[in-house]
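What follows is a predicted structure for the sequence shown.
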Amino acid sequence: MSNLPALEFHNPYPDAVNLALLPLATTGESPTKRELGVKLTFGQQWTELLNGRVRFGIKGGIVVLEGDRTPPSPAPSPLALQQGEEKLSVALSITFVENSSPLQWICSSQPYYAILQGTSQPYPLGHFPPNIPALTLRFTPAPSQITLTDAENLWRHDISPNKHAILERVLARFLAEHWADTPTPEALNKLDHYRQTILSANTDHILPLAELVALNPLTDFAGGNFLATQLNGVDLSGAQLRGINLRGAELNDIDMSEADLRGANLSGADLSGAYLSDSDLTGADLHRASLALANLVGANFTQANLAEANISNTTWHSAILKAAQVSHLVGLTEEMRQYFVEQGAVMN
């Protein structure tokens, strides 16, 4: 039972994510099989790119397992992450994809906008024959799950937040596309062309910048770092923006109606006059955000953090606020307070 099968795991970025196979306690129900699990370790990775280098972390990905096995046992999720003896505030959510072949698990950080750090508790993969020689595991993040944390010799540090955000999305897309292979010279030349195009662009508007590098704002901004950007009046209605970091961004009169903003970081953002009707802000962080004059009709704020937000003259009709944190709100009326209580918000 102590001899583990070989683990075939192509891992180009071991500092960002690493997987280790380990035996789990066996059950008496299957004497000819043993249960194996995986322990995941996350961190930040430096990698050389063009004439410089970048550092990045990941917020999740898909684990794929190939090998003879029985269906995995139910497992707790989210899993705690630790560094040494310290339990970290960011957790790892793992969801098994039912009826997948080969087996697949979707991994993501909680909160969704946070980079994964530390080592997880063991997660069961299933029961395997004792003589199986090897298992093949793959881990692949999407562009929305890659976050750049530093860059050297790729651009000036005084470029605008909008250009910086677009360049980060371009690099995240490139890293995801070439996670499992070596980029060709043609691919690197295309990346460099995109970089130079953004740096020399005579516009700072987010939508033309995205168009210059073939980014679709309705899908490719998800998970991106748009810290302190200016998106005033931009139309992102119906956009997939899960996990986007818009902390401190200027979002006056932006249209994000019917957008997927689950797990988004909007803390300190100025959303005055924004259209957020029927948007999904489940688990979003709006701490100290300004929602003055915003249209929030039908928006879903389940488990969102609205502490100290400015809600002066907002429209909340049909908004969902179950377990939302709504302490020390600016502009709170008695009518709003009653509505929040009825919706199950947490009034501290």
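Here it is on my side, so go on. Numbers count the residues shown, from 1 in each chain.

Can you list the residue ranges for helices in the chain?
For the chain, the helices defined by DSSP state H occupy 161-177, 185-200, 206-212, 334-343.

Please state the offset of the longest one from the chain centre?
Read that as helix 161-177. 14 Å (CA atoms, centre = their mean, to the nearest Å).

Now it: buried residues?
161-176 (16 or more other CB atoms under 10 Å). Heads up, the C-betas are built off the backbone N, CA and C, glycines and all.

Quick check: of those residues, which lies closest to residue 334?
Taking CB to CB as the measure, residue 161 is the one of those closest to residue 334, at 38.7 Å.

can you tell me which residues contact the residue lying closest to residue 46 once chain neighbours are set aside?
Computed as CB to CB, 6 or more residues apart in numbering, the closest residue to residue 46 that is not its neighbour in sequence is residue 55, at 4.9 Å. With contact set as CB atoms under 8 Å, 6 or more residues apart in numbering, residue 55 has these partners: 44, 45, 46, 47, 148, 149, 150, 151.

quick one: residue 55 and residue 224, what's the gap?
Taking CB to CB, to the nearest Å as the measure, residue 55 falls 16 Å from residue 224.

what do you get for residue 12?
Taken as CB to CB, the span from residue 12 to residue 224 is 22 Å.

And the two? Which one has more around it.
Legend: neighbour count by other CB atoms under 10 Å for residue 12 and residue 224, higher for residue 224 (26 against 14).

is it true that that one touches residue 165?
Yes. Using CB atoms under 8 Å, residue 224 is in contact with residue 165, at 6.2 Å.

For residue 34, report the pLDDT, please.
Residue 34 carries a pLDDT score of 78 in this model.

Run a quick neighbour tally on it.
There are 19 residues near residue 34, going by other CB under 10 Å.

can I assume it is in contact with residue 127?
Yes. With contact defined as CB under 8 Å, residue 34 and residue 127 form a contacting pair (6.6 Å).

now the contacts of residue 55 in a markdown table, with distance to residue 272 and pLDDT?
As requested, the contacts of residue 55 are exported to a markdown table (distance: CB to CB, whole Å; pLDDT from 0 to 100):
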| residue | distance to residue 272 | pLDDT |
| --- | --- | --- |
| 44 | 35 | 97 |
| 45 | 38 | 96 |
| 46 | 39 | 97 |
| 47 | 40 | 96 |
| 148 | 29 | 95 |
| 149 | 30 | 94 |
| 150 | 32 | 94 |
| 151 | 32 | 94 |
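
Distance to residue 338 and neighbour count added to those, as TSV?
As requested, these are arranged in TSV below (distance: CB to CB, whole Å; neighbours: other CB atoms under 10 Å):
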residue	distance to residue 338	neighbour count
44	46	18
45	50	19
46	53	15
47	53	13
148	44	20
149	43	14
150	47	10
151	49	18
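
Sort out which one of the residues you listed lies nearest residue 136 for me.
residue 45 (22.0 Å).

which strand residues sit across from that closest one in the sheet?
residue 56 (DSSP bridges).

residues contacting it?
Applying CB under 8 Å, 6+ apart, the residues near residue 45 are 13, 14, 15, 16, 55, 56, 57.

Report how many residues lie close to the fourth one.
It stands for residue 16. Residue 16, neighbours per other CB under 10 Å, totals 26.

from here on, count from 578
I'll keep to 578 as the first residue from here, and by that count the last item is residue 593.

Am I right that it is in contact with residue 619?
Yes. If you go by CB under 8 Å, residue 593 and residue 619 touch, sitting 6.8 Å apart.

Common neighbours of the two, please.
Contacts common to residue 593 and residue 619, judged by CB under 8 Å, 6+ apart, are 634, 635.

Measure how far stretch 783-800 is from the centre of its chain, please.
17 Å.

outside of that stretch, which residues touch it?
Outside stretch 783-800, the residues touching it (CB under 8 Å, 6+ apart) are 636, 690, 719-724, 739-740, 742-743, 746-747, 749-750, 771, 774-775, 778, 780, 806-808, 811, 813, 815-821, 837.

Name the spans of the chain whose pLDDT lies under the cut-off.
Counting by pLDDT under 70, the low-confidence segments of the chain come to 578-579, 602-609, 644-653.

Please repeat the previous calculation with a cut-off of 80.
578-582, 602-611, 644-654, 661-662, 706-710, 925 (pLDDT under 80).

in it, which spans are strands?
Taking DSSP state E, the strands of the chain run over residues 583-586, 594-600, 611-619, 622-626, 629-635, 637-643, 658-660, 663-664, 668-673, 680-687, 695-697, 700-705, 711-717, 723-729.

Between those, which one is closest to residue 872.
strand 680-687 (28.9 Å).

Can you list the buried residues in that closest one?
Here strand 680-687 shows 680, 681, 682, 684, 685, 686, 687 as buried, counting by 16+ other CB under 10 Å.
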